[in-house]
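>>> Have a look; sequence and predicted model below, questions after that.
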Amino acid sequence: MNFSKFDMTPSHLKEAMKLMKSGQLKEATQLIQNNLNGSASDTNTNTMKDVTPDAPTSQDRSSSAQPPPTSADKPSDKPSNKLADKLQSLSDKMKDFKLDLPTAINIGGLNSGLSTHSEPSIPKNAQFLKGTLKSSQGHHDYRLYIPSTYAQAVEEGLRLPLVVMLHGCTQSPEDFAVGTRMNELAEEHQCLIVYPSQPTSANMNRCWNWFKPTDQQQGQGEPAWLAALTQSLIKDYAVDSLRVYIAGLSAGAAMAVIMAETYPNLYAALGVHSGLAYRSASDLPSAMMAMRQGGSAAPKSVENHKFVPIIVFHGDQDHTVSIRNGGQIVEAAKERLQAQKTDLNIQQHKQCSEQNCRSTQLQICDTSGVSQLEYWKIHGAGHSWAGGSSAGSYTDPKGPNASKEMLRFFLNHSL
């Protein structure tokens, strides 16, 4: 019997396998990426370039240690991921047509996310430390940026804001720091920035597991260790516990939403870039559905939780995570805000340059004029961090500057 007619392998995957077998790895990656994005890829916004650091400094550190010394050693470990190895592994999976969902979702990022994750350059006296949190949830790595003025702030008895930044799929803390330029803003505004690292042992593409029920609850899974990391930094450093914020991109943004839902008394504000609403999915199939067309409504059991001020960015040409998800996040937040605060001022206007109107901004302020909810809909943008550096992956240098606007929004809020 001829079984070829029962072959369910998509044609673009078959063609990609042929290209891989012939050694045309770059072409295979591009073919898969184009198919998943639904259009030709934008090499300007979805490519991570190597960054040559200007004498970076870093230091291994356990979260239980005392505040850092003023000098540190340059890290000696080097990235070991190789694009060819990953693509060969992908080819093997394709042969059996047993791709799991995280692989299928993020294969379009192989060309960018698996590039060398280089050390970002930092100013003199600043530090970009390597740390490991040891908790009941296991051992978890992170990078911590400490501004050059930290020692002086400690001497003056000051306590600084802390921003938790959750990277997207295939990214690393180093890549995310370079792409968002958040370290540069930390210098300007005297903040600490922590970049937790999702290991491949938890998800082969470094995605936060936002779609798993065990990772959507307080005291369990990834939310538990992220909260433990946040609390340990508050304890070990001169951090103002009333000014702790969390933000993320894509899967990292979805996990940031989960953290604000499950630990609303830990974070003073939330930043979401190209993310999904709380409990948009409960398994792999529903995750794919949510990414393509939006998730289901949040359960009623969370509707009365404390409102956490939120700023949302989403590109209206995002073919990886539909902009419907950004709209759902905003609608849920708006409903909760209106239930808890009265006399709100709602405004909507376009952010324009001399060339064009790049984004439309919805802003809801309280009676004192403080912005409580903002939604930046970015026209013509795909799945990328607005205003980011092209030296990092998944960035759109055109702007608006999401990092700058997030930090501006954050620093207007405290618990």
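The structure has been received and is ready for your questions.

>>> CA atoms for contacts and neighbours, from now on please.
Noted.

>>> Return the distance of G252 relative to R181.
Applying C-alpha to C-alpha, to the nearest Å, the value for G252 to R181 is 17 Å.

>>> same question, G295
30 Å.

>>> And L266, by the same measure?
Computed as C-alpha to C-alpha, the L266 to R181 distance reads 24 Å.

>>> swap in K350?
Distance of K350 to R181, given as C-alpha to C-alpha: 24 Å.

>>> neighbour count winner among those two?
More neighbours surround R181 than the other of K350 and R181, with 21 against 15 (other C-alpha atoms under 10 Å).

>>> now that one: how far from D175?
R181 is 10 Å from D175, by C-alpha to C-alpha.

>>> Next: D283.
Relative to D175, D283 is positioned 28 Å away (C-alpha to C-alpha).

>>> More neighbours: which of the two?
For D283 versus D175, neighbours defined as other C-alpha under 10 Å are more numerous around D175 (28 against 15).

>>> host element of the more buried one?
helix 173-180 (DSSP states H and E).

>>> I'd like to know which elements the next helix-or-strand element following that helix is packed against.
Sequence-wise, the next helix or strand downstream of helix 173-180 (DSSP H and E) is helix 182-189. In terms of contacts (3 or more C-alpha pairs under 8 Å, 6 or more residues apart in numbering; DSSP states H and E), helix 182-189 is packed against strand 192-196, helix 402-410.

>>> What strands line up against the strand ranked longest in the chain, and which way round?
Secondary structure of the chain per DSSP state E: the longest strand is strand 239-249. Strand 239-249 has the following strand partners under DSSP bridges: strand 160-166 (parallel), strand 269-273 (parallel).

>>> Could you identify which of these is most buried?
With neighbours defined as mean count of other C-alpha atoms under 10 Å, the strands paired with strand 239-249 peak in mean count at strand 269-273, which reaches a mean of 29.

>>> quick one, phi psi at V330?
Per-residue torsions, V330: phi -70, psi -40 (degrees, to the nearest 10).

>>> Disregarding flanking residues, what is the spatial nearest neighbour of it?
Closest residue to V330 apart from its sequence neighbours, by C-alpha to C-alpha, 6 or more residues apart in numbering: Y375 at 6.9 Å.

>>> Help me confirm that that neighbour is found in a strand?
Yes. Counting by DSSP: H, G, I helix; E, B strand; the rest coil, Y375 falls inside a strand.

>>> Could you identify the helix or strand that succeeds the helix-or-strand element of the chain with minimal mean pLDDT?
Ranking every helix and strand in the chain by mean pLDDT, DSSP states H and E puts helix 110-113 at the bottom, with a mean of 36. Downstream of helix 110-113, the next assigned helix or strand under DSSP H and E is strand 127-135.

>>> Dump that following strand to PDB, restricted to CA.
Taking Å, rounded to 0.1, in the frame of the first residue of the first chain, the C-alpha atoms of strand 127-135 are listed here in PDB:
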ATOM      1  CA  GLN A 127      28.300  46.400  37.100                       C
ATOM      2  CA  PHE A 128      26.400  43.700  35.200                       C
ATOM      3  CA  LEU A 129      26.600  40.800  37.700                       C
ATOM      4  CA  LYS A 130      25.900  37.100  37.100                       C
ATOM      5  CA  GLY A 131      23.900  35.600  39.900                       C
ATOM      6  CA  THR A 132      22.200  32.300  40.800                       C
ATOM      7  CA  LEU A 133      19.100  32.100  43.000                       C
ATOM      8  CA  LYS A 134      18.900  29.000  45.100                       C
ATOM      9  CA  SER A 135      15.400  28.300  46.200                       C
END
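
>>> Which elements pack onto the following helix or strand past that strand?
Later in the chain than strand 127-135, the nearest helix or strand by DSSP H and E is strand 138-146. Contacts defined by 3+ C-alpha pairs under 8 Å, 6+ apart place strand 138-146 against strand 127-135, helix 173-180, strand 192-196.

>>> quick check: angle from strand 138-146 to helix 182-189?
Angular relation of strand 138-146 and helix 182-189 on a 0 to 180 degree scale: 50 degrees, by axes from the mean of the first three to the mean of the last three C-alpha atoms, to 10 degrees.

>>> Spell out the secondary structure type for Q198.
Under three-state DSSP, Q198 falls in the coil class.

>>> backbone phi and psi for the closest residue to it other than its chain neighbours, please?
Take Q198 and drop its neighbours on the chain: the residue closest to it by C-alpha to C-alpha, 6+ apart is R206, 5.2 Å away. Per-residue torsions, R206: phi 60, psi 20 (degrees, to the nearest 10).

>>> And R206, how far from H167?
9 Å.

>>> for L266, same thing?
Look at L266 and H167: by C-alpha to C-alpha, they are 20 Å apart.

>>> neighbour count winner among these two?
Between L266 and H167, counting by other C-alpha under 10 Å, H167 is the more crowded of the two (29 against 20).
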